[in-house]
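Trainee: Requesting a structural model of the entry that follows:
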Amino acid sequence: MAFRAVGTTYPNPPVGAIIVKNDVIISRGWTQPHGVPHAEIHAINQVRNRKNIEGAHLYCTLEPCSHEGKTSPCVNKIIELKFSKVIISQLDKNPLVNSSSVKKLRLAGIKVVIKSFGNRVKDLNNIFFKTLRGQNPFITLKIASTADGKIATNLYESKWITNSTSRMIGHKLRSLNECMIVGASTINKDNPKLNCRLDGLRNCSPDLFILDKKLEINKNSKIFESKNRKIYIFHYENINKKVPNSQNIKYLKLKEVNKTLSIKEIIKNIVKLGYMRILVEGGAKLSASLLNDDMINEIAWFRASKIMGNSGINAISSLDIDHIDHLKKFNLINTKIIDNDQLSVYRRK
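Mentor: All right, here's what the predicted structure looks like:
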């Protein structure tokens, strides 16, 4: 249930909940888009006769909330409906919660059990906990290349290296992330929409962060056609061009560092805005910059059964590595054949 919510709950964490009565699952819930309602309330709302909830058990991947936010505290509704037992995979490290719900439930006579549901849930919650502490979010680098690692010809032609099925999976990957980072050069050269175009998931397109240091992006680009997602444009603070903010487009100033924008400062700004999952579909320089700073958590590498040779553009530009010991190390966690393409997923060690 929690994984159904991944990529859609910003700024809330994706949570799953299940209601069990007499050893039978009577309802399931997960955090709804933009965090309203929470998983527990979503599960409760699926039960037509609320009286059937009395004495039921509630399983949650994360401790229910106890504070007033966009919604009323979930813990109040759990007490009101007289659940007899709540089983929680992890306590919420958010200072606004942090065991307070457990105490409140126990004071109301509801039994609370804290028992891990496994590493997948821990990994999911830890992404939220890290961003709460201002640490790096979970960053996925998506690459679509030839078998020899080329993402475009020397004339910047890149449509289509991988097949249509690979591209559909790439769209699904977009729906699982709350925002994307892309360079202005990619937009000016390819004029992509950078949205999710899968049926049923068209409203799950991630927000965009564009690195446009000199504000050179074409204002008629396709990315500006949609008004349903936020677009943030990072640029040098000393650029004097007029930049009118609109309802969905915001301009963010950053200092120039070594003739570029600091990727560390960019990530810090994104975390401050509450984003937890970032997809990177930028060019070779952006990929190398994030890898050099050890910010990439996962790589989804789509490889077509095609060879381009030295005249093509590399997926990743120079990392200035001279010694084997300095190689960026990842674990291969999954691989699959997609018609005549291959998808390999790597996770940072």
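Trainee: List the pairing partners of the strand or helix carrying residue 209 within its sheet, with orientation.
Mentor: Element membership for residue 209, per DSSP states H and E: strand 207-211. Strand 207-211 has the following sheet partners, assigned by DSSP bridges: strand 179-183 (parallel), strand 231-236 (parallel).
Trainee: how about that strand: buried residues?
Mentor: Using 16 or more other CB atoms under 10 Å as the test for burial, strand 207-211 gives 207-211. C-beta here means a position set from N, CA and C on the backbone, and glycine is covered the same way.
Trainee: hang on, the earlier thing: okay, the strands paired with strand 207-211, which one's buried deepest?
Mentor: Compared across the strands paired with strand 207-211, strand 179-183 shows the largest average neighbour count, a mean of 23 (mean count of other CB atoms under 10 Å).
Trainee: coming back round to it: for residue 253, which of the strands paired with strand 207-211 is the nearest?
Mentor: With CB to CB, the closest approach to residue 253 among the strands paired with strand 207-211 belongs to strand 231-236: 6.5 Å.
Trainee: circling back: may I see the strands paired with strand 207-211 arranged in CSV, with distance to residue 261 as well?
Mentor: Shown next, in CSV, are the strands paired with strand 207-211 (distance: least, CB to CB, whole Å):
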stretch, distance to residue 261
strand 179-183, 10
strand 231-236, 6
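Trainee: Could you export those strands as TSV, including mean pLDDT and distance to residue 263?
Mentor: Output for those, formatted as TSV (pLDDT from 0 to 100; distance: least, CB to CB, whole Å):
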stretch	mean pLDDT	distance to residue 263
strand 179-183	95	9
strand 231-236	95	10
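Trainee: contacting residues around residue 263?
Mentor: Contacts of residue 263 were listed using CB atoms under 8 Å, 6 or more residues apart in numbering, and they are 286, 289-290, 293, 295.
Trainee: check contacts around the closest residue to residue 241 other than its chain neighbours.
Mentor: In this structure, residue 241 finds its nearest non-sequential neighbour in residue 215, 4.9 Å apart by CB to CB, 6 or more residues apart in numbering. Counting by CB under 8 Å, 6+ apart, residue 215 touches 233, 235, 239, 241, 243.
Trainee: Could you list the residues in contact with the helix or strand residue 129 falls within?
Mentor: Taking DSSP H and E as the criterion, residue 129 maps to helix 119-132. With CB under 8 Å, 6+ apart as the test, helix 119-132 has contacts from 2-3, 6, 13-14, 61-62, 89-90, 93-94, 116, 136-138, 271, 274-277.
Trainee: Buried subset of those, written for PyMOL?
Mentor: To isolate the buried subset of the contacts of helix 119-132 in PyMOL, counting by 16+ other CB under 10 Å, use the following:
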select buried, resi 2+6+13+14+61+62+89+90+93+94+136+137+138+271+275+276+277
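Trainee: quick one: low-confidence parts of this structure?
Mentor: 244 (pLDDT under 70).
Trainee: Alright, that wraps it up for me.
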